[in-house]
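> with the input below, show me the fold.
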Amino acid sequence: MAELRKDALQMDVRGVYIRSDYHHEISVSEVVMYHSIVRGRIRDLFDSINRGEIEPILGAFAPAAEHIFMGDGHALSGRRNRPESIRAWYERLRRVMPDLRFELHRIDIAGGPWNTIATVEWTESNTGTDGVRTQNGGVHVIHLRWGKMTRLLILTDMVPLIATLERTAESSGGVSVAEPIDDRPGWPAG
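Residues are numbered from 1 along each chain as shown. Predicted coordinates for the structure are as follows:
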């Protein structure tokens with residue numbers, strides 16, 4: 001599928017979005033409904049993580065998706081573009097932060113089903129493997145095509161995250177200070 005040109009999606013005088021290279025009309029009410037569905041799906045995925053379930057989030061990724069956690073050289077950093085690497089990353093996350101909980105503050109969505117961008121602002125809290133409770137904030141930037149995540153970029157404050165990872169080195173059996181699971185080392189992600 002060709003990339004969506006900036007001029008390819010326009011609203012006509014009837015309030016209908018027209019994608020000239022796709023020949024499909026989407027009304028404003030359909031876009032609002034679609035964004036509502038995506039918002040609910042995102043909440044459901046965060047709820048599954050809050051319950052300790054990784055299968056729903058893994059099932060939301062497209063086969064060739066890219067999963068990125070910002071940072072350089074810490075156990076959660078890196079870029080993954082293979083399903084088995086993404087699974088290994090979520091398994092590591094559950095081992096390092098077994099009771100991770102997200103509180104969502106804002107979800108913004110733009111675009112249609114063929115090219116959707118969502119941003120999610122959140123605060124997370126967790127009890128590290130050493131029993132110390134911490135809190136941090138961040139943002140997920142999600143790219144979706146036809147209901148599947150094609151790219152997930154996770155941004156968080158590195159200072160408290162790295163402090164937690166280093167503090168739990170012994171109690172996590174070294175998992176919190178392991179080498180990143182990184183299929184494509186280097187930044188910027190391209």
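
> center of this protein - which residue?
The centroid of the chain falls nearest to Leu152 when counting by C-alpha atoms, centre = their mean (3.8 Å).

> show me where this protein has its helices.
For the chain, the helices defined by DSSP state H cover 28-50, 55-59, 83-96, 158-167.

> now for the protein, the helix or strand with the poorest mean pLDDT.
strand 16-19 (a mean of 48; mean pLDDT, DSSP states H and E).

> roughly how far apart are Ile42 and Thr129?
28 Å (C-beta to C-beta, to the nearest Å). Glycine gets a C-beta too; all of them are placed from N, C-alpha and C.

> take the helices of the chain and lay them out in CSV including mean neighbour count, distance to Ile142 and mean pLDDT.
Below are those laid out as CSV (neighbours: other C-beta atoms under 10 Å; distance: least, C-beta to C-beta, whole Å; pLDDT from 0 to 100):
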stretch, mean neighbour count, distance to Ile142, mean pLDDT
helix 28-50, 15, 7, 95
helix 55-59, 14, 11, 98
helix 83-96, 17, 14, 97
helix 158-167, 16, 20, 96
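
> out of these, which gets nearest to Trp114?
Trp114 sits nearest to helix 28-50 of all these, at 10.8 Å, using C-beta to C-beta.

> elements contacting that closest one?
Packing contacts for helix 28-50, counted by 3 or more C-beta pairs under 8 Å, 6 or more residues apart in numbering; DSSP states H and E, involve strand 16-19, helix 55-59, strand 101-110, strand 116-127.
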